[in-house]
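> below are the sequence and a predicted model; questions follow.
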Amino acid sequence: MAKETDGAMARGQGMIEWYEALISALVLMVVLFSFFFRIIQVDGASMNPTLWDGDKLIVWGAGYTPERGDVVIVDDYTTYGRPLVKRIIAKGGDTVSIDYTSGTVAVNGEVLEEDYIAEPTFLGYDVEFPYTVPEGELFLMGDNRNASLDSRSSSIGCIREEDILGKVLVCFLPLEDAGVVK
């Protein structure tokens, strides 16, 4: 009878340890996804062919410093009302020029090599070029340039650096789109 009691106590202790490990793992996940990572879903076609409507993304925010070419998430304060997914084209002090005839984008006089875009940039809005990006702000564009509302429009405009939630690291769902975002 003592052996049965010892066995039950050992199983009970094992269950408590298992629950403690599970709770610790859950707390760690909550901390990681609250302070370091975010999960965002793409809404719309403005980032095709890099990202597609409905793609689920992991975003790194802690200590992130925006760099040209990064795909980022903008806070949902915009008139759009949801987080925006766009690519950084230029930073504060840079001058952006868009030639809508040839479809090219230049930053500081250098035409960008943009193998990630859906097609050349033929769609313009109300921002006139050349345009110098204010310090502390970013000029963002979608990869699907002719179907993207972005910094070319004064309704979005340049985005303050502090309004960037983070850099998109990985698309994890759906599985056919999964991979590192470049």
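Received it, and whenever you're ready, just let me know what you need.
> can you give me the domain boundaries for this protein?
What automatic domain parsing lists as the domains of the chain is 1-35, 38-180.
> report the helix or strand with the lowest average pLDDT across this structure.
helix 2-35 (a mean of 72; mean pLDDT, DSSP states H and E).
> show me the shaky parts of the chain.
Along the chain, segments meeting pLDDT under 70 span 1-10, 12, 32-35, 77-81.
> one more time with 50, if that's ok
The chain contains no residues with pLDDT under 50.
> can you show me the strands along it?
Remark: strands assigned in the chain by DSSP state E are 37-41, 56-60, 71-74, 84-91, 95-99, 104-107, 110-111, 131-132, 137-141, 159-160, 164-173, 179-180.
> distance of Ile40 from Lys182?
Shown here: Ile40 relative to Lys182, a distance of 17 Å by CB to CB, to the nearest Å. C-beta coordinates here come from the backbone N, C-alpha and C atoms, glycine included.
> ok, how many other residues are close to Val31?
Val31 has 10 neighbouring residues, counting by other CB atoms under 10 Å.
> picking up where we left off before, and Ile40 and Lys182? which has more neighbours close in?
More crowded of Ile40 and Lys182, by other CB under 10 Å: Ile40, with 19 against 10.
> the residue nearest to that one when sequence neighbours are not counted bridge partners, please.
Spatial nearest neighbour of Ile40, excluding adjacent residues (CB to CB, 6 or more residues apart in numbering): Leu57 at 4.9 Å. Beta-bridge partners of Leu57, counted by DSSP bridges, are Ile40, Cys171.
> please name the residues that touch Leu57.
Residues near Leu57 by CB atoms under 8 Å, 6 or more residues apart in numbering: 39-42, 51, 73, 85, 168-172, 181.
> just the buried ones among those residues, please.
Using 16 or more other CB atoms under 10 Å as the burial test, those include 40, 42, 51, 73, 85, 168, 171, 181 as buried.
> make a markdown table out of those residues and add distance to Asn144.
Below are the buried ones among the contacts of Leu57 laid out as a markdown table (distance: CB to CB, whole Å):
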| residue | distance to Asn144 |
| --- | --- |
| Ile40 | 17 |
| Val42 | 11 |
| Leu51 | 9 |
| Ile73 | 17 |
| Val85 | 11 |
| Val168 | 15 |
| Cys171 | 16 |
| Val181 | 15 |
